[in-house]
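> Could you look at this predicted model? Sequence included:
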Amino acid sequence: MKRIRSDLPGLILVLVFALMAAACSATGSPATTTTAAPTTTAAPTTTSRGGQPVGGEIAFGQIEEPATLNPFLTTGAGLVTTLIGNTYWTGVAKVSGDTRELVPVVVTELPTVGNGGIRVNPDGTMTITYQILEEARWADGMPISGDDFRFTYETIMNPAYPINRSVYQEIIPESIVAGAKSFEYTMVQPTLQHEFLFHVLIPMHDVEGSDFVNDYNDAPWVSGGPFMFDEWRKGSFIRVVRNPDYWGTDPATGQQLPHLDSILFPFLPDQAALIDAFRAREVDIINPELGTIDAAPVIAAIDELSDLEADGVLIDVAPGPLWEHLNFSFSERSLARNPNSYNAHLEYRRAVAHAIDEERIVSEILGGHLGPMDSYVEAYAPALSPGSWAEYDYDPERARTYIAELCAKEGIDCEARPVTAVFTTTAGNAARQQLADLLAEMFADIGVAFTVELEPSAIFLGQTLDTGEWDFGQWSWTGSPGLSGLVGFHDALDPEGPFSLGANIYRYGTPAVEADEDAELNQGPGLVVDEHSDRVGELRDFMYATVDVEELRSYLAEVESILADQVVILPLYQNLDLGAVWANRVGGYVHNPLPRQFPWLTVVGDTWNVEAWYRADL
């Protein structure tokens, strides 16, 4: 079985290049023996309670072992810590693997302007209010309360602890009001970054007075999630077991969650061993990290596992957080790379948009496992995606018409200055070399001379982009679920932020830069400065100024419509992210790609819904 999905991912703005790679206390300290191999439970302890089967164990293979189980420490900001911790942590929200939207966990609903949970105050501050579920409690029976939220905040803000305080430091300390089943705080200004807060709560009654930095490395605090920490055999496995007092229930049947007795996280030495263990049915689920920009290792793994589909394996290929795009430099320095560049002319950019066969690109580079992107919003908040680039179907004849219109413009002499493109991206990557080869064919088909000048990552991702000395380029952005990163992406197109002063690498609509300490960054205004680029800048500011989702939806639709109509960038595709499961043994699993560049966002990953997993063979 193979499920192909075309929805998913993107919080917080990050440019990703080829240089990029980065509790319930049980009954005592975990064992540290390294000799015993993990064993899985072969049979359930009970049978169905009227819904899904109950009992049994599932093994989720990992190739990394945690450095610590404390997610607030720098050493705890890792993928494996998150995947395991999701089984026993609890907090405000998690990301749904079905919709890639934030959904509430211990609160009745996520705060919004519409439901009154977010209030923008006359003094320019913003107040957030959470209503905590009455039934929410820790594994020892203590209710989850506003005091736990307050204690979490105080722990994070403790200057003695090596903790990332980003966003939390925007909370006004004296504004905090902790109730038995409520929590309220005020931030210094309206911001969508409130989405980042309180995804992992620290139980005050269990942690207060402890050595927070040292006491939770080998065993976590009391669980608030569906499972409890059981054992960590260093070098071998971690096991979590059912929290018998978990307060969550199946919304469809009312059945108490979780369904499983336990989950085993065995540690394998490398990707090959992980896949071998999966083939041998020694582990039930794998989410191998097989590369990001280069799809070839992922496709090879899919091909390797495809022979198991007849035996009950489900291969789930989802759009990953990284998304590729093609782009034009609007810097005057682009003419140093290509004196015959016509990037400043809309006719040329529209010709390029119609010349590119995106279906062929994803077929050949991604093996047809995902479709092309019609909107960069797809990588952040799929439900908000307007699909504005869908208008640019593959149409070489129309592209040639646009080239003819360009050459007919007053002041344009295409004989003296032939239409030419110089394509630059990072060298040493098979997918990008393959893309260059495909683009060369497509540009030739519309009569545009096409030159490829690939560069080492350190040069292209450094001096070339910093100075704007490229013509037609390609790189990846990444994002994570939510709205803050989606809004933040528009910094890269902010006319008030030329790269030396902000984040506008493209120099779209930017003024001249004349006072930068680095003389190489000083240059004239962007090649395209008009009412459209000015409006993009206004909309970027409007998006930053609102926390109202409906207002934001309107601004997003307009800004993307402009960017697509003016062909400022060309979204291509999201990179592949693979999950595989023995579906005739495991039910309820939903693959949920994790933005690996945001290890502190501990609300995503394949264990997002472990409470719903069950043994399908029982």
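Structure's in. What do you need?
> just the strands in the stretch 51-200 of the chain please.
Ranges of strands within the stretch 51-200 of the chain are 57-59, 93-95, 102-104, 118-120, 126-131, 177-178, 182-187, based on DSSP state E, counting those that start in this stretch.
> Could you point out which of those strands sits nearest Val240?
strand 57-59 (10.0 Å; C-beta to C-beta). (Glycine included, C-beta is placed from N, CA and C.)
> can you give me the mean pLDDT across that closest one?
What strand 57-59 shows for mean pLDDT is 98.
> ok, how many other residues are close to Ile176?
Ile176 has 16 neighbouring residues, counting by other C-beta atoms under 10 Å.
> so how far is Val54 from the residue nearest to it when sequence neighbours are not counted?
Of all residues not flanking Ile176 in the chain, Tyr185 sits nearest, at 4.9 Å (C-beta to C-beta, 6 or more residues apart in numbering). Going from Tyr185 to Val54 by C-beta to C-beta, to the nearest Å gives 39 Å.
> do the same with Ala280
Counting by C-beta to C-beta, the gap from Ala280 to Val54 is 27 Å.
> Point out the most buried one among the strands of the stretch 51-200 of the chain.
Ranked by mean neighbour count, those are led by strand 57-59 with a mean of 25 (mean count of other C-beta atoms under 10 Å).
> In terms of secondary structure, what does it contact?
Identification of packing neighbours for strand 57-59 by 3 or more C-beta pairs under 8 Å, 6 or more residues apart in numbering; DSSP states H and E yields strand 262-266.
> got the buried residues for the very next helix or strand once past the strand it packs on?
The helix or strand immediately downstream of strand 262-266 is helix 271-279, counting by DSSP states H and E. Across helix 271-279, burial judged by 16 or more other C-beta atoms under 10 Å covers Gln271, Leu274, Ile275, Ala277, Phe278, Arg279.
> Which residue lies nearest the spatial centre of the protein?
Ser480 (2.7 Å; C-alpha atoms, centre = their mean).
> re earlier: between the strands of the stretch 51-200 of the chain, which gets nearest to Ile171?
The minimum distance between Ile171 and the strands of the stretch 51-200 of the chain falls on strand 182-187, with 5.0 Å, by C-beta to C-beta.
> just the CA coordinates of the closest one, formatted as PDB?
The C-alpha coordinates for strand 182-187 follow below in PDB (Å, rounded to 0.1, in the frame of the first residue of the first chain):
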ATOM      1  CA  SER A 182      -7.300  28.900  33.700                       C
ATOM      2  CA  PHE A 183      -4.200  30.900  32.800                       C
ATOM      3  CA  GLU A 184      -3.800  34.400  31.500                       C
ATOM      4  CA  TYR A 185      -0.900  36.500  30.500                       C
ATOM      5  CA  THR A 186      -0.200  39.700  28.500                       C
ATOM      6  CA  MET A 187       2.500  40.100  25.900                       C
END
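> Following the chain past that strand, name the next helix or strand.
Following strand 182-187 in sequence, per DSSP H and E, is helix 204-207.
> Against which helices or strands is that following helix packed?
The helices and strands touching helix 204-207, judged by 3+ C-beta pairs under 8 Å, 6+ apart, are helix 146-157.
> who touches the helix it packs on?
For helix 146-157, contacts defined as C-beta atoms under 8 Å, 6 or more residues apart in numbering pick out 72, 130, 132, 161, 163, 165, 168-169, 171, 173, 176-185, 198, 200-204, 207-208, 212.
> same thing but 6 Å
163, 165, 168, 176, 178-179, 182-183, 198, 201-204 (C-beta atoms under 6 Å, 6 or more residues apart in numbering).
> Ala280 and Val54 - which one has more neighbours?
Taking neighbours as other C-beta under 10 Å, Ala280 and Val54 compare with Val54 leading, 23 against 8.
> Let me see the domain layout of this structure.
21-291+585-615, 319-575 (automatic domain parsing).
> I'd like to know which of the ones you listed lies nearest to Asp307.
When the domains of the chain are compared by C-beta to C-beta, domain 21-291+585-615 sits nearest Asp307, at 9.1 Å.
> can you give me the end-to-end distance of stretch 297-315?
Stretch 297-315 has an end-to-end distance of 15 Å (C-alpha to C-alpha, to the nearest Å).
> Tell me the buried residues in it?
Pro297, Val298, Ile299, Ala301, Ile302, Leu305, Leu308, Gly312, Val313, Leu314, Ile315.
> Over to stretch 337-349?
Neighbour-count burial for stretch 337-349 flags Arg337, Asn338, Asn340, Ser341, Tyr342, Asn343, Ala344, His345, Leu346, Glu347, Tyr348, Arg349 (criterion: 16+ other C-beta under 10 Å).
> distance between the ends of it?
Start-to-end, stretch 337-349 (C-alpha to C-alpha) is 17 Å.
> Could the C-alpha coordinates of stretch 61-78 be exported in CSV?
Provided in CSV are the C-alpha atoms of stretch 61-78 (Å, rounded to 0.1, in the frame of the first residue of the first chain):
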residue,chain,number,x,y,z
GLY,A,61,12.8,2.3,15.4
GLN,A,62,15.3,5.2,15.9
ILE,A,63,18.9,5.7,14.8
GLU,A,64,19.6,8.4,17.4
GLU,A,65,19.6,8.1,21.2
PRO,A,66,18.6,11.1,23.3
ALA,A,67,21.3,13.1,25.1
THR,A,68,18.7,14.0,27.7
LEU,A,69,15.0,13.7,28.2
ASN,A,70,14.7,17.3,29.3
PRO,A,71,13.4,19.2,26.2
PHE,A,72,14.2,22.6,27.6
LEU,A,73,17.9,22.1,27.7
THR,A,74,20.0,22.7,24.6
THR,A,75,21.0,19.1,24.5
GLY,A,76,17.3,18.1,24.6
ALA,A,77,16.5,19.9,21.4
GLY,A,78,16.6,16.9,19.2
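> Contacts for it, please.
Residues contacting stretch 61-78 (C-beta under 6 Å, 6+ apart): 80-81, 85, 162-163, 200, 216-217, 220, 265-268, 270, 274, 277, 283, 286, 599-600, 602.
> Need the three-state assignment for the residue nearest to the centre of the chain.
coil (DSSP: H, G, I helix; E, B strand; the rest coil).
> Sketch out the low-pLDDT regions of the stretch 451-600 of the chain for me.
Of all residues in the stretch 451-600 of the chain, those with pLDDT under 70 make up the ranges 515-516, 594-600.
> measure His89 to Phe198 for me?
Quick fix: residue 89 reads Trp, not His. From Trp89 across to Phe198, the span is 11 Å (C-beta to C-beta).
> Give me the more crowded residue out of those two.
More neighbours surround Trp89 than the other of Trp89 and Phe198, with 25 against 22 (other C-beta under 10 Å).
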